[in-house]
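# let me see the structure of the following:
(one chain, ligands or ions: 1)
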Amino acid sequence: MTLRRLSRSGSMRRLTARAGIVLIVLILLVAFRMVQEIGPERTPSDRFTVVRVLDGDTVELLGGDKLRLLGVDTPERDEQLYDRATDFLERLVLGKQVRLEYGGARRDRYGRLLAFAYVDTILVNRAILENGLGYLYVFDDSPIDSPEFASMLAAQRSAIDRGLGLMGLDREPEPYYVASQSSFRFHRPGCRSADNYSPERWRRFGSREEALREGLSPCRSCRP
Ligand SMILES: [Zn+2]
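Predicted coordinates for the structure are as follows:
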């Protein structure tokens, strides 16, 4: 064997070794991703443990994911009943295992999981509405034909009937309220967000309860 051939076969061996290392690294990466995806907190039935309650409709799950309860909107920090709504959710889910059911997109634009959550057989999203601690909150892509949404609307109506939580708060009333035909929010007549609505496409409601019964939720800006 000449010197030249020797050195060539030596570099071949180095190449083969390098390719082997790259392959092993790739295999390890794929294996790691698989473990991540079907780790203890991502079982096929989507059961998660709640480790922290962030407000009345958002929690943190073991593993770091945040969950935003689908179809519910609870008071913000500066609004009435914020503490009560947060305490209620804490008592219901903190430290417990929740089973998630998805209805459409699994995550919202902030990367949070978006789902119906069950503790045993209790639909948490519904329990919040039943106690008047949040409003039904529908988007264009919400699964409004699902049985969950039907039962959540019924729960909201029952909270209105009983004047519970948010449904019993005194608010400055308007002679009427408006919404556009295609929107799930309703407004005070003077709201700037409602200015863009052409009047012939307005829906008018005699009271806020009437709009809430239809499954509309209050505008975040004029807070009717
Ligand atoms: Zn408004």
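# and this structure, which residues reach the ion?
Residues of the chain found near the ion, taking C-beta under 5 Å from the ion as the criterion, are 187, 191, 193, 219, 221, 222. For glycine as for every other residue, the C-beta is placed from the backbone atoms N, C-alpha and C.
# looking at these, which gets the smallest pLDDT?
Of all these, residue 193 carries the smallest pLDDT score, 81.
# residue 70 touches residue 123, doesn't it?
No - judged on C-beta atoms under 8 Å, residue 70 makes no contact with residue 123 at a distance of 10.4 Å.
# overlap of the contact sets of the two?
By C-beta atoms under 8 Å, 6 or more residues apart in numbering, residue 70 and residue 123 have these common neighbours: residue 116.
# so for the two, which residue has more residues nearby?
The residue with more neighbours, out of residue 70 and residue 123, is residue 70; 28 against 20, by other C-beta atoms under 10 Å.
# now for the more buried one: which residues touch it?
Contacts here follow C-beta under 8 Å, 6+ apart; on that basis residue 70 touches 103, 114, 115, 116, 125, 142.
# so what are the sheet partners of the longest strand along the chain and their directions?
The longest strand of the chain (DSSP state E) is strand 47-55. Applying DSSP bridges, strand 47-55 is found paired with strand 58-61 (antiparallel), strand 97-101 (antiparallel).
# following element in sequence after the shortest one, please.
Yep, that's strand 58-61 we're talking about. Downstream of strand 58-61, the next assigned helix or strand under DSSP states H and E is strand 66-69.
# also the last one?
Next in sequence after strand 97-101, counting helices and strands by DSSP H and E, comes strand 113-119.
# and that following strand, what does it pack against?
strand 66-69, helix 82-93, strand 97-101, helix 124-130 (3 or more C-beta pairs under 8 Å, 6 or more residues apart in numbering; DSSP states H and E).
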